[in-house]
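**Q** predicted coordinates and the sequence they were generated for:
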Amino acid sequence: MEKLEKLYEGKAKQLFATDDPEVLWVEYKNSATAGDGEKKEDFAGKGRLNNRITTLVFDLLAKRGIPSHLVKRVGDTAQLVRKMDMFPLEIVLRNTAAGHFCSRLGVEEGIDFDEPVLEYFMKNDELHDPFVNDDDLVVLHVCTRQDLAEIAPLAKRINEALIDIFAKIDVKLVDFKIEMGRTSDGTLLLGDEITPDSCRLWDQRDHSGKVEHLDKDLFRRDLGDIIPAYEEIERRLSELAASEGIAID
Ligand code: TMP
Ligand code: ASP
């Protein structure tokens, strides 16, 4: 597959066209950002780790009956994905109170919910990715009711599968952000990435009593180096994938 012109550059990835109109080439960058890009730093090896982690998570989800846009990983920092018409939405699932849920609602971090919380945010850095509800999305023609009737149950199924995957590697899935789109034949699919940039992952192997973050909160909150944490997630997911018979190169 040939990598052609650059189509888009985001904060953590670049997207390129390929010689197949249905397939895009994604390059994972080493940069980490927080606060809508206000805080930014490069971490050697982050692009390679997130490329591997996303691939492992998407393979583990596929094994659980949840397909994604991933075609295959094609290099250290590169993967091929199916071209989709993306909903400009950050779809957030929360199992435990953390982050903006706590700052917005005055709740203590770490409280487990009785049921998952689904939230939508419009992807718009200038407006700081505003929180929106179903009615907002429908009147703004971002999605139809029918889209939302498909997106919400798929997001919940992904949450169930991810809870299972991370529990198997002794990690608590606190919350995460996903993105979805439709392929040219109209199929709704999970897109973008699932990495420690986009999830809150709390280590359950640490018995010190304090939260051991294995995610980008290390960077957001100046708690330490992200690379050893991302390496740990990559190592544990590789072991799990191998134990499930998933081929990893
Ligand atoms: P929040 O508590 O900051 O709203 O974040 C919820 C989850 O979504 C958390 O796992 C981090 C992830 N996230 C992103 O992937 N991108 C973002 O821009 C934000 C704000 C959160
Ligand atoms: N994605 C957001 C940014 O780049 C930050 C975050 O994940 O908290 O600024």
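**A** Alright, I've got the coordinates. Ligands and ions are numbered 1, 2, ... in the order given.
**Q** start to end distance for stretch 54-74?
**A** Taking CA to CA, to the nearest Å, the first and last residues of stretch 54-74 lie 13 Å apart.
**Q** before we move on, what about stretch 202-219?
**A** Using CA to CA, one end of stretch 202-219 lies 14 Å from the other.
**Q** go on, stretch 212-232?
**A** Start and end residues of stretch 212-232 are separated by 12 Å (CA to CA).
**Q** quick one: mean pLDDT over that stretch.
**A** Average pLDDT, stretch 212-232: 97.
**Q** quick one: contacts of that stretch?
**A** Stretch 212-232 is contacted by residues 32, 34-35, 39, 41, 43-46, 49-50, 53, 99, 171, 195-203, 205-206, 233 when judged by CB atoms under 8 Å, 6 or more residues apart in numbering. For glycine as for every other residue, the C-beta is placed from the backbone atoms N, C-alpha and C.
**Q** quick one: Glu90 from Asp134, how far?
**A** Noted for Glu90: a distance of 15 Å to Asp134, by CB to CB, to the nearest Å.
**Q** typo on my end, Phe121
**A** Going from Phe121 to Asp134 by CB to CB gives 13 Å.
**Q** more crowded one of these two?
**A** Phe121 (18 against 15; other CB atoms under 10 Å).
**Q** could you say which helix or strand holds the more buried one?
**A** Per DSSP states H and E, Phe121 falls inside strand 112-122.
**Q** likewise for Lys156?
**A** In the assignment (DSSP H and E), Lys156 maps to helix 145-168.
**Q** wait, does that helix contact ligand 1?
**A** No. Judged by CB under 6 Å from any ligand atom, helix 145-168 stays clear of ligand 1, getting no closer than 11.1 Å.
**Q** tell me what angle the next helix or strand after that helix forms with helix 145-168.
**A** Where DSSP H and E defines the elements, the next helix or strand beyond helix 145-168 is strand 171-178. Angle, strand 171-178 to helix 145-168, by axes from the mean of the first three to the mean of the last three CA atoms, to 10 degrees: 160 degrees.
**Q** strand partners (parallel or antiparallel) of strand 171-178?
**A** Sheet pairing of strand 171-178 (DSSP bridges) gives strand 89-96 (antiparallel), strand 199-203 (antiparallel).
**Q** just name the most buried of those.
**A** Comparing the strands paired with strand 171-178 by mean neighbour count (mean count of other CB atoms under 10 Å), strand 199-203 ranks first with a mean of 23.
**Q** mind listing what's buried in the next helix or strand after that strand?
**A** Going down the chain from strand 199-203, the next helix or strand is helix 217-220, by DSSP H and E. Under the neighbour-count criterion of 16 or more other CB atoms under 10 Å, helix 217-220 has 217-220 buried.
**Q** now do stretch 91-110
**A** 91-98, 101.
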